Every structure is written in structure tokens, then in C-alpha cells.
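Asker: Below is the sequence, then the predicted model.
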Amino acid sequence: MQYDPIKDKLATYLSIFTMFRTVFYHILDQLLLRQRYVKREIKRYFRDGFAFYDAGAGFCQYSDFVLKQYPEAEVFACDLKTDYLQSYAAIASERFNYQSADLQSYLPSKQYNMAIAVDILEHIKDDRAALRNLHRALSDNGILIISTPSDMDEAAAFTAEHVRPGYNKVELERKIIDSGFEILSSNFSYGFWGALSWKLMMKLPLSMYGMHKALCLLWPLYYGIIYLPAQLLMFIDMHIYNPRGTGIILVARKMN
């Protein structure tokens, strides 16, 4: 499946109807379990006044989160899609800067206390080069947060923009260590309960839309029925140990 055309349409709408961006970010928080995992780790390690590097920023929802939660933080975002970055920069704080670039070759001019790479490594052919550049972009003891599909995610194998169908957890950990990081935590996300919530919140509605666009008119009724059960499933996924899962959430530190 190709997700970029859908994302590009959303980006166009957000650039036109800027007042809906906050609502859009809130909807993503409700639908996507990975955002909750990533934000939990940001809160755990980030401190006000730190510098934040949003690598592969996309819609810049994590940049926005840091800017609003930490009034002294400086945020730098990088992505291949210049229009996405420009659209957010037009309404962002002056503490936000950006650069359109390829993470395989780009190295920022300054160092950061934290970097995140959320659903981006699986799109990058030379992921080792990207990881080395992320390591160089961090200050000593800087924190790297990665969220990526695992090799147990069948949907990832059929995503057109992916260059690999998710990561084997051990393989990803080895690449992180080889890049000079110390792993602080590495866990599966989207375990049984989280995967079930994803099917309810994302897969089934998109399948309805794929069958006939008019079926999206049923979404308000559908979400009204499944919203609370799906939220409970997400909560459970985040508060239990997942022996396996379709996602990986990894936190690493740049060693001195």
C-alpha cells in the first residue's frame, strides 16, 4: 500500500487550513499507539532548555509537542519533504528551525541533547549511515529514541515506501551498538493488545474506505462504538511486557 499520496493530501490540507493542525495532532495521538510510546520516552529523558533533533519529522507533531511542553527548548527538524517543514514553520515558534535533507548524508551544524527517528529507518536504504550521522549529531550522553516496525509486522512488508519489511530486534540493536550507542531500553510495542487496537482504530476504517469512499460517512458511528475499548487496549499494551510485537521502541545513549 502507498501511504505517501494520503500523507501529501493531508499536508496540503494542513497548509491551507492551519487552524486544524492542532486538532489533527490530537487525532493522531488518539489513533496511533506509537506516538504514546515515543512521547512517554521524551518525557522521561528530555529537560527544558535542551536541544531537540526531529529526524524524519514528517508532519512535525513531535517538534510541536516539544515546543509546547518545554518553553525553553530549541527544536530542529529534518525531512526530505520541504513542503511539510515549511508548512509547520509558518505557524511554529521562533525556537523552531528546519532543513530539508537526506539523513544518510546530512549532518546538522550543531549537536543536540535528544534525537528521535520515528518510523523513518525502515525507509532508509543505508540505515547504518543514518545512524552514524545521528550519533554525530548528539552531544555526549545525548539520547536517541527510535520507533520502527518489527519484522513481525506483516503490513510493513506491503508498504510501498519501505526498503525493508521492519527490523529484527536483535539486528536493530546490533546496528545501534555498532554506531557507538549504549542501549538503555529496547522493547516490543504493538503486542497482542496493541495490534488489536491498531486493527480497530486504523486497519478496519481504512479497509472500509478502500471498499467505497462513501463508507467513511460511517466512521463517526464506528469510532463512537470502538473508541473506549481501543483506548483500553492501548493502555494495556503500554503497561505490560510484550514478548513479541509488530513495533520496536528503542532508547539509546551516546557514550562519551
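Answerer: Perfect, I can see it now.

Asker: In the chain, where's the longest helix?
Answerer: helix 219-238 (DSSP state H).

Asker: so what does that one touch, helix or strand wise?
Answerer: Here helix 219-238 touches helix 33-45, helix 192-198, helix 204-211, going by 3 or more CB pairs under 8 Å, 6 or more residues apart in numbering; DSSP states H and E. From N, CA and C alone the C-beta is placed, and that goes for glycine too.

Asker: Run through who's touching that helix.
Answerer: By CB atoms under 8 Å, 6 or more residues apart in numbering, the residues outside helix 219-238 that reach it are 30, 33, 36-37, 40, 189-194, 196-197, 200-201, 204-205, 208.

Asker: how much space between the most centrally placed residue in the chain and Ser189?
Answerer: By CA atoms, centre = their mean, the mean C-alpha position of the chain lies nearest to Val118, the distance being 3.1 Å. Counting by CB to CB, to the nearest Å, the gap from Val118 to Ser189 is 11 Å.

Asker: Mutual contacts of these two, please.
Answerer: Contacts common to Val118 and Ser189, judged by CB under 8 Å, 6+ apart, are 34, 147.

Asker: Now do the next helix or strand after the longest helix of the chain: distance to the chain's middle.
Answerer: Beyond helix 219-238 in the direction of the C-terminus, DSSP states H and E gives the next helix or strand as strand 247-254. Centroid separation for strand 247-254 versus its chain: 12 Å, with CA atoms, centre = their mean, to the nearest Å.

Asker: And for stretch 183-191?
Answerer: On the basis of CA atoms, centre = their mean, stretch 183-191 sits 14 Å off its chain's mean C-alpha point.

Asker: Just the buried positions in that stretch, please.
Answerer: Buried residues in stretch 183-191, counted by 16 or more other CB atoms under 10 Å: 186, 188-191.

Asker: Filter the residues you listed down to the ones in helices?
Answerer: Residues of the buried residues of stretch 183-191 located in helices (DSSP H): none.

Asker: Turn the residues you listed into a markdown table, including pLDDT and distance to Asp8.
Answerer: Listed next are the buried residues of stretch 183-191 as a markdown table, based on pLDDT from 0 to 100; distance: CB to CB, whole Å:
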| residue | pLDDT | distance to Asp8 |
| --- | --- | --- |
| Ser186 | 98 | 33 |
| Phe188 | 98 | 31 |
| Ser189 | 98 | 26 |
| Tyr190 | 98 | 25 |
| Gly191 | 98 | 31 |
